[in-house]
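> give the three-dimensional model of this entry:
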Amino acid sequence: MAGKGTQATALLAKQRVEHRLHSYTHGSGQAYGPEAAELLGLDPARVFKTLVADVDGALTVGIVPVLAMLDLKALAAAVGGKRAKMADVALAERATGYVAGGISPLGQRKRLPAVLDASAEQLDTMFCSAGRRGLEVELAPADLVRLTGARFAPIAAIP
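I've put the predicted structure just below:
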C-alpha cells in the first residue's frame, strides 16, 4: 500500500491483529461509505461507517452499515444515556484525530465510548475506515470490539 500509515493501522500492527487494507480513490462526490463499498466491490452490509454523536454531553461513536442511518435514540440507550445528537464535525475531528470521511473507530486520539451495530456480530469480517479517506480495513468484528472497547447493540436504522 502506498502512502503512510495511520493511527488505526499502527494500532492493528502493534496488537498483531489479523487484518487487510483496501484502498480506493475517492472522487465520485457520493458519500464515502457507499463509495467504498461500490469501488471495492463489497456487499454494503459488510462496510461500516464511523459516526460521532453527542450523548448527554459526551462524545460517543456509533458504527453502522454504510446504507443505514444511526438511530440516535438507540445509541443513547446503548450507553445508558437519554439524548443524542450528531456531534459537530470539527469537534469530532479534534477528538478522534481524523478528518470527516476518514474517521476510524481504531486509534482515535481520545478513546471514545463506542457501539457497533449488532448486525456485525453475524459477519466473519467487516470493513471500516482505516483512518484516511480512501482506505478501508477488513477485520473480525470481535477484534474491533476488543480494540475499541465497543459493545454490540442494534443502533442502525434503515432509511
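> by mean pLDDT, point me to the weakest helix or strand of the chain.
For the chain, the helix or strand with the lowest mean confidence is helix 32-40, at a mean of 87 (criterion: mean pLDDT, DSSP states H and E).
> may I have that helix exported as PDB, CA atoms only?
Listed next in PDB are the C-alpha coordinates belonging to helix 32-40 (Å, rounded to 0.1, in the frame of the first residue of the first chain):
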ATOM      1  CA  TYR A  32     -17.600   7.900   1.500                       C
ATOM      2  CA  GLY A  33     -19.000   4.600   2.800                       C
ATOM      3  CA  PRO A  34     -21.300   3.700  -0.100                       C
ATOM      4  CA  GLU A  35     -18.500   4.800  -2.500                       C
ATOM      5  CA  ALA A  36     -16.000   2.500  -0.700                       C
ATOM      6  CA  ALA A  37     -18.400  -0.500  -1.000                       C
ATOM      7  CA  GLU A  38     -19.000   0.200  -4.700                       C
ATOM      8  CA  LEU A  39     -15.400   0.800  -5.700                       C
ATOM      9  CA  LEU A  40     -14.100  -2.200  -3.700                       C
END
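> ok, residues contacting that helix?
Counting contacts by C-beta atoms under 8 Å, 6 or more residues apart in numbering, the residues outside helix 32-40 that touch it are 22, 24-26, 28, 30, 42-44, 46-49, 66-67, 101-102, 127, 129, 133-134, 136. Every residue, glycine included, has its C-beta placed from N, CA and C.
> next SSE after that helix?
strand 48-55 (DSSP states H and E).
> next secondary structure after that following strand?
Beyond strand 48-55 on the C-terminal side, the first helix or strand identified by DSSP H and E is strand 58-65.
> parallel or antiparallel, which strands does that following strand pair with?
As defined by DSSP bridges, the strand partners of strand 58-65 come to strand 48-55 (antiparallel), strand 114-117 (parallel).
> what about residue 80, which helix or strand?
Judged by DSSP H and E, residue 80 forms part of no helix or strand.
> so what does it look like in phi/psi?
Geometry field for residue 80 lists phi and psi as phi 80, psi 20, criterion degrees, to the nearest 10.
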